[in-house]
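**Q** Mind looking at a prediction? Sequence and model below.
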Amino acid sequence: MTKKKVVVGMSGGVDSSVAAYLLKEQGYEVIGATMQIWQDVERDVQEKNGGCCGLSAVDDARRVAQKLDIPYYVMNFREAFKCSVMDYFVEEYLAGRTPNPCIACNRYVKWESMLQRSLAIGADYIATGHYARIAQMADGRYAVRNSVTAGKDQTYALYSLTQEQLARTLMPVGEYTKDQIRAIAEQAGLPVAHKPDSQEICFIPDHDYAAYIERAAGERVPGPGNFVTEDGEVLGRHLGITHYTVGQRKGLNLAMGRPVFVTQIRPETDEVVIGEAQDVFGDTLYCDRINYMGMADLPGQREVTAKIRYAHRGEKCVIERVEKDVIKCTFREPVRAITPGQAVVFYEDGCVLGGGTIIRKS
């Protein structure tokens, strides 16, 4: 029987390196590939700071590929990354929303672009080092399933993958804990066994989102505006809406004598709404840009567990479709900081049923 060919997206980190090792051990014909996504203007920053797909990642991934004795390539996805991730990130902040660039990168670059390129060179699958698993439901649909380790579970960032992409994807790391992955890497002699995890957004390694947006958007960046209460009382001046996100407390520089929080961003008036701690909570949200995964549709109401951000533990809620591409989510208990632009992801029995982009709370 001919061995199945798989292209492993190698970021230079321990997780994707072990994914390549495990698949080779399982008998696959493994090819390593790193996405070239850095833009010319960012090369110096990337070279200095690395990141999940920076220039230093190529060196580390190539050393791992040599150790595993597998072919290794660098695939150029700069244009796709610029359009689908970097430009999207900027436009969302300009519109008063808080984007999740990793979700966009997964959907449109790591899977759409890399899968197309991999299939074109004769691969049967692509694979990544995500802490997640793929399950096939009773009706034949594919879904992303929680990894064995809740502490590293990355299913939230994968909700937007399509059925076609999931059918061609392998995620071997999801069967292990992080400690087990590092132990496997050390046993296999991989040079990245103890490499620290990358935490930052790869194209903003200094974490200064506002400065990056100012460089990228130039004159389109909104200037200072008013901090206001819900009913419009002016409390002070802010630096510009791109500096803030819903739920934020630090960095407001408002002398209120008590902790206050961002509860809403109004791009049409350049206002940032300020409220008390309880004002940050809500029990209802609406989302659009729905991707159905473990469920094919939503004909009526359905009780699920929903996560409204990557680190959210999840909360029981009832979902129902109120328009063709809009779902209403009503939570049993209020949840903190429902943030427009972020994803809400629906789970049942540890599998992703689908998700969408938060429009607003009510």
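**A** Happy to help now that I have it.

**Q** how many neighbours does Glu233 have?
**A** Residue neighbour count, defined by other Cβ atoms under 10 Å, stands at 10 for Glu233. All C-beta atoms are positioned from the backbone trio N, CA, C, and that covers glycine.

**Q** Quick check: it vs Gly240, distance?
**A** Plainly put, Glu233 is 20 Å away from Gly240 if you go by Cβ to Cβ, to the nearest Å.

**Q** ditto for Arg117
**A** From Arg117 to Gly240 the distance is 39 Å (Cβ to Cβ).

**Q** do Lys3 as well
**A** From Lys3 to Gly240 the distance is 55 Å (Cβ to Cβ).

**Q** Which one of these two is surrounded by more residues?
**A** The neighbour count for Lys3 versus Gly240, taken as other Cβ under 10 Å, is higher for Gly240 (17 against 11).

**Q** now the closest residue to that one other than its chain neighbours, what's its secondary structure?
**A** Closest residue in space to Gly240, ignoring its immediate chain neighbours: Pro222 at 5.2 Å, by Cβ to Cβ, 6 or more residues apart in numbering. Of the three states, Pro222 takes coil under DSSP: H, G, I helix; E, B strand; the rest coil.

**Q** pLDDT score for Pro222?
**A** Per-residue confidence (pLDDT) for Pro222: 93.

**Q** wait, isn't it in contact with Leu239?
**A** No: taking contacts as Cβ atoms under 8 Å, Pro222 lies outside contact range of Leu239: 9.9 Å.

**Q** Any buried residues in the regular element (helix or strand) spanning Cys329, and which?
**A** Assigned by DSSP states H and E, Cys329 belongs to strand 326-336. By 16 or more other Cβ atoms under 10 Å, the buried positions in strand 326-336 come out as Ile327, Lys328, Cys329, Thr330, Phe331, Val335, Arg336.

**Q** Which of those lies at the shortest distance from Asn253?
**A** Arg336 (22.3 Å; Cβ to Cβ).

**Q** As a check, name the ranges of all strands in the stretch 1-150 of the chain.
**A** 5-9, 29-36, 72-76, 125-127, 132-136, 142-146 (DSSP state E, counting those that start in this stretch).

**Q** so can I have JSON lines of those showing distance to Pro99 and mean pLDDT?
**A** As requested, these are exported to JSON lines (distance: least, Cβ to Cβ, whole Å; pLDDT from 0 to 100):
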{"stretch": "strand 5-9", "distance to Pro99": "22", "mean pLDDT": "97"}
{"stretch": "strand 29-36", "distance to Pro99": "19", "mean pLDDT": "95"}
{"stretch": "strand 72-76", "distance to Pro99": "24", "mean pLDDT": "93"}
{"stretch": "strand 125-127", "distance to Pro99": "24", "mean pLDDT": "97"}
{"stretch": "strand 132-136", "distance to Pro99": "21", "mean pLDDT": "96"}
{"stretch": "strand 142-146", "distance to Pro99": "20", "mean pLDDT": "96"}
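
**Q** Quick one: closest of those strands to Glu175.
**A** Closest among these, using Cβ to Cβ: strand 132-136, at 6.8 Å.

**Q** Which elements pack onto the closest one?
**A** Contacts defined by 3 or more Cβ pairs under 8 Å, 6 or more residues apart in numbering; DSSP states H and E place strand 132-136 against strand 142-146.

**Q** Now the element after the strand it packs on, going C-ward?
**A** Taking DSSP H and E, what comes next after strand 142-146 is helix 163-167.

**Q** what's the following helix or strand after that following helix?
**A** Following helix 163-167 in sequence, per DSSP H and E, is strand 169-170.

**Q** what about the next helix or strand after that following strand, average pLDDT?
**A** Using DSSP H and E, the helix or strand that directly follows strand 169-170 along the chain is helix 178-187. Averaged over helix 178-187, pLDDT sits at 96.

**Q** Stretch 273-292 too?
**A** Stretch 273-292 comes out at a mean pLDDT of 97.

**Q** from the chain's centre, how far out does that stretch sit?
**A** 19 Å (Cα atoms, centre = their mean, to the nearest Å).

**Q** quick one: buried residues of that stretch?
**A** So stretch 273-292, judged by 16+ other Cβ under 10 Å, has buried residues 273-274, 279-287, 290-292.

**Q** And the furthest pair within the residues you listed?
**A** The widest separation within the buried residues of stretch 273-292 (Cβ to Cβ) is 37.1 Å, between Ile274 and Tyr292.

**Q** Summarise which helices and strands the longest helix anywhere in the chain is packed against.
**A** If you go by DSSP state H, the chain has its longest helix at helix 55-68. If you count contacts as 3+ Cβ pairs under 8 Å, 6+ apart, helix 55-68 packs onto helix 14-25, strand 29-36, helix 43-49, strand 72-76.

**Q** Including mean neighbour count and distance to Lys361, could the ones you listed go into JSON lines?
**A** Formatted as JSON lines, the helices and strands packed on helix 55-68 follow (neighbours: other Cβ atoms under 10 Å; distance: least, Cβ to Cβ, whole Å):
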{"stretch": "helix 14-25", "mean neighbour count": "24", "distance to Lys361": "34"}
{"stretch": "strand 29-36", "mean neighbour count": "22", "distance to Lys361": "35"}
{"stretch": "helix 43-49", "mean neighbour count": "15", "distance to Lys361": "35"}
{"stretch": "strand 72-76", "mean neighbour count": "16", "distance to Lys361": "40"}
